[in-house]
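From the sequence below, what's the structure:
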Amino acid sequence: MERREFLTGAAAVLGGALLPLLCDLGAPPSPDPDEFARQAAQLWANCWSSEPLTLVYRAADHAEHGRTLLARSRGSDHRRIADATGLTTLLVGRTAFFDLGQAAATQEVLAVADRYLAGSPDHPLLACLHGHQAFVPGWSGRWAEAEKELAIAAGHARRGGGPGLRAWLHAVAAECLTRAGKPREALAEIERSRETLVAGGAHPDPWWLDYFDAKRLDGFDATVALAAGREVLSTGISTQRATRHALDRVERALGHLHTTAAEPSGYTPQDCVTVLDRATAYALIHDDDQALRLAEAACRALAKRPYAAAHGRLGTLYDTLPANRAGKLREIELTYLAA
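Below you'll find the predicted structure:
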């Protein structure tokens, strides 16, 4: 019996047997919004060190607990619990999308988070939600849909969002534009993101913005620069100059890593995205040996901590390598990621 079926059946049996008796004992204790919010923060803080599927189930259990607490809370306690539940549900959606590669499930989960956060005064959190909702259509090249979500996010970010949050929204726009085949517009968004970070602002960034900083912006920058280089490559004009420029940007992103290709155990999941972008850049300038060395380093790290967003970069590398070297990449992938 699957876990979901077991829990559903157990709830029905226990609920039918115990709840009438518990009602005779008196009203349940009031929920503790501080403790519930602390648990939500702990789940978020541990997301990078947790196995993705385990994290999803733990966060989903926490959100379900929040749903039950909301039924017996009022006033400001109700709002705080709803916001914490929305944050945890957002974590489920974020992990489903980036770590597990489940876009359809992500869209449904984020719609649930949207309902929990409806009417929230926490505008930075609402900006975060709509920024993530832009990824699902954006990664499929549906820029018009992504742009709509980003416009809503930007409106919330103007009401209390710090410079990092506002810069992240520009970076999200850049990645979505890139996937829609608009690298020039994407490069402009990267520049706006950098300008926003440098300018600062009156409001601090929220504690949960642990997935974006100047280092991660370099990663977005590298992705966009590679796409621009590939566009020029497809035209056959100034290929070497454009791809060298892309490589320079990716090298700048990689410069923020604290490990080398020979020591991939220290790579974070997001670092693996950058390493594979760097591999693609080397493939573009026909340094296939270096591209494959970097790909192997990333695959070794991904074998320990899967990250769907990084796995997706392997497809781009396959398309960039010549056919005789793509076979070697396949061998590497089978060695480390076949399980």
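
quick one: residue 309 from residue 109, how far?
Going from residue 309 to residue 109 by Cβ to Cβ, to the nearest Å gives 17 Å. All C-beta atoms are positioned from the backbone trio N, CA, C, and that covers glycine.

Ok, residue 84 next?
Plainly put, residue 84 is 16 Å away from residue 109 if you go by Cβ to Cβ.

now the residue nearest the centre of the chain, nearest residue through space, not along the chain?
With distances taken as Cα atoms, centre = their mean, the residue of the chain nearest its centroid is residue 98 (4.7 Å). With sequence-adjacent residues excluded and distances taken as Cβ to Cβ, 6 or more residues apart in numbering, residue 98 is closest to residue 309, at 4.7 Å.

Regarding stretch 68-77, how distant is the last residue from the first?
13 Å (Cα to Cα, to the nearest Å).

buried sites along it?
When neighbours are counted by 16 or more other Cβ atoms under 10 Å, the buried residues of stretch 68-77 are found to be 69, 70, 73, 77.

low-scoring stretches of this structure, by residue?
For the chain, applying pLDDT under 70 flags the ranges 1-30, 233-239, 242, 252-265, 339.

that older thread, which one of residue 309 and residue 109 has more residues nearby?
For residue 309 and residue 109, the more surrounded residue by other Cβ atoms under 10 Å is residue 109, and the numbers stand at 25 against 18.

export the buried residues of stretch 68-77 to JSON lines and tack on secondary structure?
Below are the buried residues of stretch 68-77 laid out as JSON lines (DSSP: H, G, I helix; E, B strand; the rest coil):
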{"residue": "69", "secondary structure": "helix"}
{"residue": "70", "secondary structure": "helix"}
{"residue": "73", "secondary structure": "coil"}
{"residue": "77", "secondary structure": "helix"}
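
Closest one to residue 34 out of those, please.
Within the buried residues of stretch 68-77, distances to residue 34 taken as Cβ to Cβ reach their minimum at residue 77, with 9.4 Å.

give me phi/psi at the closest residue to that closest one other than its chain neighbours?
With Cβ to Cβ, 6+ apart as the criterion, residue 77 has its nearest non-adjacent residue at 4.8 Å, and that residue is residue 33. In this entry, residue 33 is assigned phi and psi values of phi -60, psi -30 (degrees, to the nearest 10).

Hmm, residue 250 and residue 281 touching each other?
Yes - the criterion here is Cβ atoms under 8 Å, and residue 281 meets it with residue 250 at 4.6 Å.
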